[in-house]
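K.L.:
what follows is a predicted structure for the sequence shown.
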Amino acid sequence: MSDREKSALNEDELQELVAASDSGARKVPGNLGLFIAAVALIWSVFQVLLASPVAPYVLPGDLINNSRQIHLAFAIFLSAMAYPLFRSASKTSVPWYDWLLAIGGAYLALYGYFFYDKIVQNGGLADDSDAMFALAGLTFLFIAAYRTLGPVMVVLALIFLAYVFFGASEAVPDQIRWAGASLRKAMSHMWITSEGVFGIALGVSTKFVFLFVLFGALLDKAGAGNYFIKMAFGALGHLRGGPAKAAVVGSAATGLISGSSIANVVTTGTFTIPLMKRVGFSAEKAGSVEVASSVNGQIMPPVMGAAAFLMVEYVGISYFEVITHAFLPAIISYIALVYIVHLEAVKNNMPTLGNKVVSMGRTIGGMILFFAGFAGLCYATQYPVGWIVALVPEGSGWVLSAALGLVYVALVWLAAQAPDLEPDDPNAEVVELPDITQIYKTGLYYLLPIIVLVYFLMIERKSPGLSAFWATFLLFFILLTQKTLKAMFRGEANAMGRLREGLIDLIAGMIDGARNMIGIGLATATAGIIVGTVSLTGIGQVMADFVEFLSGGNLILMLIFVAILSLILGMGLPTTANYIVVSSLMVAVVVELGAQSGLVVPLIAVHLFVFYFGIMADVTPPVGLASFAAAAVSGGDAIRTGFTAFFYSLRTVALPFVFIFNTDLLLIDVTWVQGVIVFVVATIGILIFTAATMGWFLTRNRIWETVAMLVIAFALFRPGFFMDMIQPPYEDVEPAQFEEVLANAPVGSSLRTVVSGPDFDTLEMKDLTLVLDVPEGADAAARLDSLGLLLAPEGDQMILEEPMFGTPLADTLSSFDFYGDDPVQITAVRAPNDQLPKELIFIPALLLLGLIALMQSRRARSIEGVPA
């Protein structure tokens, strides 16, 4: 064992590493520690009540209306209590200055609550005293963000705030100069109203994110984390490279529990990484597998990272739609990671653990059946619920609660028939992997809160906050009663005495949930300054023009630029803050540039693109925090671990580019049958891409085989690219024939038109590509009225008049000057062309894949000494 591997951190040091990042490194003993814990507990209780259906009856209206201020007050106060301001500061006591920062910051965060009537009277505009208090509030917020999130978030916010105050200076280049704002106007925007700090991002943190973080903390405290890891090892640990495969599946499951990449790495990695090293993985590769799988936990529905809840507000769709769109890329990404691990094990002829002989095909088939069965169970729940509601409409809630309670008691009785699961020692001389047939029953009741969550989200289509409330409420009951019920079923003495242990677990879980929320609350609040600057100054449009200039109007270059920006900012920002910043600046630019290129880029696709690269920042050297955490567990080199993890994550890097151009992957406008086909083909495509990048399919690839497999993967992911080359999807039509084409086009089809004219602000000529969905209408005139287009043909020119206010295209075309010397006109029209199904491209692609497989299988047999 090398000196570096001997330097791997022990369990206590690893927990301190996680705490320093996620919940605060300061652990205060005695009465003061109890006081801090009590504040965290009160925060959790408040948030649970706020999300509950009884909130209007048990909480005053003022508290509900100002819940964002209260949320931030708790976060600032607890940051001063839990996170030392200086490295040299005590970790077991709270210095006097932290008390000032805690109390002062909480008071200033509540300023809008205390002076609500005054602010309403002034119409939201700050007076001089309001502005001073707001400026002080920003200062206290910056200090809290610095101690919790590091300097990058604060520096970035200060740069944007400086632009608000000094953007009108002559020292600022003309291209980004703006009119400027007074202190009162700026502070009104940033602190007094809901445009800045107390904007959408903090609102989402208050309404949704807290409950999901609390749900994860309680599920972990109940023991679900250990159960999921044991089940993963029981199912996969005996296969070649089994510990790594189990790490992937276990991390996908524990993604339900922890929204933190670092916590996920440490939670599963302390067991998986030593076992991976034991079967032949190097320290760096073992850490990299854990990093790649743990980071992807944030993209795995139904409980994704905090940024997913922000998409609900930013995109204007339900959380159900967000997780529907995110589901397929997440699933195939994990499938590819399991395949990467398998190829590593095959390439290096790694041994298996234990003496159990298993079939990989039967194991994978069993896992597919389990997940399909679980999904079917979640879906089928609606039928008995519907019958009970129909039979007992008035008291159905009580009947359903009693039925769920009976199921829970029955599953706890089943769990009591076997011993409680204890964490295994991965460094034991003899490793005995769990027998899944013996342990599965010990934690089946952990699935009940997840089923409740999925049911309310996917079937009832309730809000994320209310869905998480009911799932969390069930967890309260489980934590309080599971130990007592098991003791009763096992005939143990003093079973009722175990209630106290359950209560302690519940309180500890609520405290952990609150501490885990400190960083997220402060990140969303501080990022609100950047969002507020964009809305106040209009810098977003300036950034759009600048980025468009850098990319030369090329969408691929634009996407690469956005990806790099996300990775760079992610080196110093948490995922949620990174997502808020980049999406605020770049999403609209990508959508607009896509439209100019004739490509319809759905808003959710670009938001998921930014989200994916935001989480990749936890992997990427030199500041990938998850990679450093994995290296601390494995004793490997952190930088090498980061680079290897990035290489393993190439499929996560490639997928966002794919679903921008092929939105079928996001299950947008596809039927069930099409969805199944997309899943199968995309899975094959990602496996082929993985085999190409790993240089190994059935045996070691030759260069031409790697290139061919990359082309095959591209063809499977984006068959339209090749079909468009064979048979163009659109034909060019003269602008003068626009009305005739519009009249004859099928309803629901798309016409691509290029509108050219002078820009309203600069008077320079510009082009804009419009994708017009053909509406219903008996003739061209009726369809033009539906679209809001006013045409004035002049010879070969098709002049456009300004659309009527309130019509569909009024906002889209508002950037043109319709009253200048140069007319606004349609300069190009592309009508849909009859095209063969793009899926026909799959046939030659799969035939080529079959040829490569045949050649490699012959080569593999000859290497093994078997005549080909």
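P.N.:
Now that the structure is in, tell me what you want to look at.
K.L.:
name the helices or strands packed onto whichever strand or helix holds residue 336?
P.N.:
Using DSSP states H and E, residue 336 sits within helix 319-347. Applying 3 or more CB pairs under 8 Å, 6 or more residues apart in numbering; DSSP states H and E, one finds that helix 319-347 contacts helix 242-254, helix 283-295, helix 306-311, helix 603-616, helix 650-661, helix 672-694. To be clear about C-beta, it is placed using only N, CA and C from the backbone, and glycine gets the same treatment.
K.L.:
what's the closest of the ones you listed to residue 813?
P.N.:
Evaluated over the helices and strands packed on helix 319-347, closeness to residue 813 peaks at helix 603-616, with 19.4 Å, by CB to CB.
K.L.:
for the closest one, the averaged confidence score.
P.N.:
Taken as a whole, helix 603-616 carries a mean pLDDT of 87.
K.L.:
quick one: it to chain centroid distance?
P.N.:
8 Å (CA atoms, centre = their mean, to the nearest Å).
K.L.:
flag every buried residue along the top helix by length along the chain.
P.N.:
In the chain, with assignment by DSSP state H, the single longest helix is helix 498-537. For helix 498-537, a neighbour-count test (16 or more other CB atoms under 10 Å) marks 498, 502, 505-534, 536-537 as buried.
K.L.:
for stretch 476-496, same thing?
P.N.:
Across stretch 476-496, burial judged by 16+ other CB under 10 Å covers 476-489, 495.
K.L.:
now, those that are in helices?
P.N.:
Among these, the members found in helices (DSSP H) are 476-489.
K.L.:
please convert those residues to CSV, extending it with distance to residue 648 and pLDDT.
P.N.:
Shown next, in CSV, are those (distance: CB to CB, whole Å; pLDDT from 0 to 100):
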residue, distance to residue 648, pLDDT
476, 39, 95
477, 40, 95
478, 36, 95
479, 36, 95
480, 41, 94
481, 42, 93
482, 37, 93
483, 40, 92
484, 44, 93
485, 42, 93
486, 40, 93
487, 44, 92
488, 47, 92
489, 44, 92
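K.L.:
a markdown table for the residues you listed, including distance to residue 69?
P.N.:
Formatted as a markdown table, those follow (distance: CB to CB, whole Å):
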| residue | distance to residue 69 |
| --- | --- |
| 476 | 27 |
| 477 | 31 |
| 478 | 33 |
| 479 | 30 |
| 480 | 32 |
| 481 | 36 |
| 482 | 37 |
| 483 | 38 |
| 484 | 39 |
| 485 | 41 |
| 486 | 43 |
| 487 | 44 |
| 488 | 45 |
| 489 | 47 |
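K.L.:
what's the closest of those residues to residue 379?
P.N.:
Nearest to residue 379 among these, with distances taken as CB to CB, is residue 478, at 22.9 Å.
K.L.:
might you calculate how far the longest helix of the chain sits from the centre of the chain?
P.N.:
Here the centre of helix 498-537 is set off from its chain's centre by 17 Å, with CA atoms, centre = their mean.
K.L.:
go on, stretch 692-699?
P.N.:
30 Å.
K.L.:
next, the distance between the ends of it.
P.N.:
The first and final residues of stretch 692-699 sit 11 Å from each other (CA to CA, to the nearest Å).
K.L.:
residue 271 and residue 433, how far apart?
P.N.:
Going from residue 271 to residue 433 by CB to CB, to the nearest Å gives 11 Å.
K.L.:
what comes up buried for stretch 341-355?
P.N.:
Neighbour-count burial for stretch 341-355, counted by 16+ other CB under 10 Å, picks out 341, 342, 343, 344, 345, 350, 352, 353.
K.L.:
need the contact partners of stretch 336-347.
P.N.:
Contact partners of stretch 336-347, identified using CB atoms under 8 Å, 6 or more residues apart in numbering, comprise 240-241, 244-245, 247-249, 279-281, 285, 289, 292-293, 296, 350, 648, 651, 686-687, 689-691, 694, 696, 700.
K.L.:
three-state assignment of the nearest residue to residue 310 once chain neighbours are set aside?
P.N.:
Closest residue to residue 310 apart from its sequence neighbours, by CB to CB, 6 or more residues apart in numbering: residue 204 at 5.1 Å. Under DSSP: H, G, I helix; E, B strand; the rest coil, residue 204 falls in the helix class.
K.L.:
hang on, residue 204 packs against residue 309?
P.N.:
Yes - counting by CB atoms under 8 Å, residue 204 touches residue 309, with 4.9 Å between them.
K.L.:
between those two, who's got more neighbours?
P.N.:
Counted by other CB atoms under 10 Å, residue 204 and residue 309 do not tie: residue 204 has more neighbours, with 27 against 24.
K.L.:
contacting residues around the more buried one?
P.N.:
With contact set as CB under 8 Å, 6+ apart, residue 204 has these partners: 306, 309, 310, 312, 313, 524.
K.L.:
so for the fourth one, what's the pLDDT?
P.N.:
Residue 312 is assigned a pLDDT of 86 by the prediction.
K.L.:
and for it, nearest residue in space, chain neighbours not counted?
P.N.:
That would be residue 319: by CB to CB, 6+ apart, it lies 5.1 Å from residue 312.
K.L.:
what about that neighbour, neighbour count?
P.N.:
By the criterion of other CB under 10 Å, residue 319 has 24 neighbours.
K.L.:
please report the distance of it from residue 525.
P.N.:
For residue 319, the distance to residue 525 - CB to CB - is 22 Å.
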